[in-house]
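Undergrad: Sequence plus predicted model, see below.
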Amino acid sequence: MSKREPRRRRGPSQAPFPDLGPLGTAIPISTGTAMLEQETDGSITLYVNGVPSSGLHPDPQHLEFEYMRWIQLVVRAWAGETSCGPSRSAMEVAHLGGGGCSLPRALVDQWPASRHVVVERDALLAEQVRTWFSLPRSPQLRIRVEDATAALASWRPARFDVVIRDVFSGNVTPLVLTSQAVAQHVRRVLRPGGLYLANSAAPPGTRTLADEVATLSSVFPHVGVIAEPAHISGKRRGNCVLAASTDPLPEGIDRALRSDPVSVRLAPRADVRALAERGRVVEVPIPEPAPPAGAPGA
């Protein structure tokens with residue numbers, strides 16, 4: 001989820017998606033309500049319980065949320081850095097957190113041979129967004145209604161090339177998903193040289209980012225932080241993208257990020273080490289699996 005300010009709304013017009021739900025109206029979902037708003041550029045912002053969750057543009061490659069563009073840039077760099085390049089065009093990707101599936105939609109559009117599993121806890125939201133946004137069908141994009149930790153624990157070792165975490169409860173990531181136990185599961189389900197990318201929204205004056213970096217560094221030998229300088233220093237809240245792998249991170253990430261309109265960078269290794277030293281490893285056990293919201297017994 002991105003915590004950006006909403007943009008100016010456009011007047012009534014035809015929605016860019018043929019089966020879109022009603023605009024500007026609270027729509028019941030399993031965990032509360034969703035709302036769809038059309039923007040001046042023709043894109044749709046999906047709000048979940050009042051928080052901007054996804055931005056979907058008629059062009060799948062046009063990602064409305066900055067951190068999603070940064071994630072896509074890292075995946076591009078990773079996919080291009082291999083002696084057997086075509087194999088990574090058929091990458092297997094797990095997305096922890098679904099929302100409107102704007103990032104999986106963009107990645108499928110760029111790599112049609114890729115396969116994506118999106119884990120979304122809200123059963124009714126998962127059903128609605130597939131219709132609203134004309135999402136690619138399985139096997140390109142499959143939505144699995146389940147808690148993210150339960151899905152992680154159930155997957156076999158070395159199943160995925162990339163795991164992307166974008167889970168929020170309100171405007172924070174549940175603590176368990178920042179834990180060492182979850183990071184260990186992610187490493188287990190990644191193939192050798194696979195990539196873990198996590199969206200971290202760190203409030204100013206907290207150790208959230210430092211704790212996440214310390215935790216990932218206890219599991220993965222290579223950890224990077226993508227953020228605006230003010231976010232890294234803790235002066236203001238913002239979305240940061242954390243990257244982790246058993247292999248060195250792709251070269252050229254920082255150069256690729258310069259193409260983004262936001263002044264964002266890949267933090268120098270010394271800054272990442274300093275963050276890890278200031279943080280504490282998050283040791284929260286994974287709870288017993290709970291039924292997904294909206295599922296029988298939930």
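TA: Cool, the structure landed. None of these values were measured; they are calculated from a predicted model. Residues are numbered from 1 along each chain as shown.

Undergrad: what sits against Leu73?
TA: For Leu73, the contact set (CB atoms under 8 Å, 6 or more residues apart in numbering) comprises Ile253, Ala256, Leu257, Ser259, Asp260. Where you see a C-beta, it was placed from the backbone N, CA and C, and this is true even at glycine.

Undergrad: centroid residue for the chain?
TA: Asp166 (3.2 Å; CA atoms, centre = their mean).

Undergrad: Under a three-state scheme, what state does Val223 occupy?
TA: Of the three states, Val223 takes strand under DSSP: H, G, I helix; E, B strand; the rest coil.

Undergrad: How many residues are close by it?
TA: 25 (other CB atoms under 10 Å).

Undergrad: Can you give me the distance of it to Trp111?
TA: Going from Val223 to Trp111 by CB to CB, to the nearest Å gives 25 Å.

Undergrad: Pro292 and Ser154, how far apart?
TA: Distance from Pro292 to Ser154, by CB to CB: 13 Å.

Undergrad: again with Pro287
TA: Where Ser154 is concerned, Pro287 sits at a distance of 14 Å (CB to CB).

Undergrad: returning to what we had before: where does the spatially closest residue to the residue nearest to the centre of the chain that is not a sequence neighbour land on pLDDT?
TA: In space, and not counting its chain neighbours, Asp166 is closest to Gly97: 4.0 Å by CB to CB, 6 or more residues apart in numbering. Here the pLDDT value assigned to Gly97 is 94.

Undergrad: What of the one 5 residues further on?
TA: Here the pLDDT value assigned to Ser102 is 97.

Undergrad: correct me, but it touches Ser54?
TA: Yes: when contacts are counted by CB atoms under 8 Å, Ser102 is listed as touching Ser54 (4.7 Å).

Undergrad: Name the residues contacting each of the two.
TA: Listed as contacting both Ser102 and Ser54 by CB under 8 Å, 6+ apart are Glu64, Phe65.

Undergrad: And the helices in this structure?
TA: For the chain, the helices defined by DSSP state H cover 66-80, 85-89, 102-110, 123-132, 148-154, 180-189, 208-217, 229-232, 253-257, 269-278.

Undergrad: out of those, which comes closest to Gly21?
TA: helix 123-132 (5.4 Å; CB to CB).

Undergrad: which residues sit against the closest one?
TA: 17, 19-21, 27-31, 34, 36, 44, 46, 48, 54, 98-101, 118, 120, 135, 143, 145, 292-295, 298.

Undergrad: Repeat the analysis, applying 7 Å as the threshold.
TA: 17, 19-21, 29-30, 34, 48, 98, 100-101, 120, 135, 143, 145, 292-295 (CB atoms under 7 Å, 6 or more residues apart in numbering).

Undergrad: again, but for stretch 25-34
TA: 21, 35, 46-49, 122-125, 128, 293-294.

Undergrad: Tabulate the CA atom coordinates of it in CSV.
TA: Taking C-alpha atoms only, stretch 25-34 is exported to CSV below (Å, rounded to 0.1, in the frame of the first residue of the first chain):
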residue,chain,number,x,y,z
THR,A,25,-19.2,4.3,-3.2
ALA,A,26,-18.3,2.1,-0.2
ILE,A,27,-18.3,-1.5,-1.5
PRO,A,28,-18.5,-4.3,1.2
ILE,A,29,-15.5,-6.7,1.3
SER,A,30,-14.6,-9.4,3.8
THR,A,31,-12.5,-7.1,6.0
GLY,A,32,-14.6,-3.9,5.7
THR,A,33,-15.1,-1.7,2.7
ALA,A,34,-13.4,-0.9,-0.6
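
Undergrad: could you give the angle of the longest strand anywhere in the chain to helix 102-110?
TA: If you go by DSSP state E, the chain has its longest strand at strand 190-202. Orientation check (axes from the mean of the first three to the mean of the last three CA atoms, to 10 degrees): strand 190-202 against helix 102-110 gives 140 degrees.
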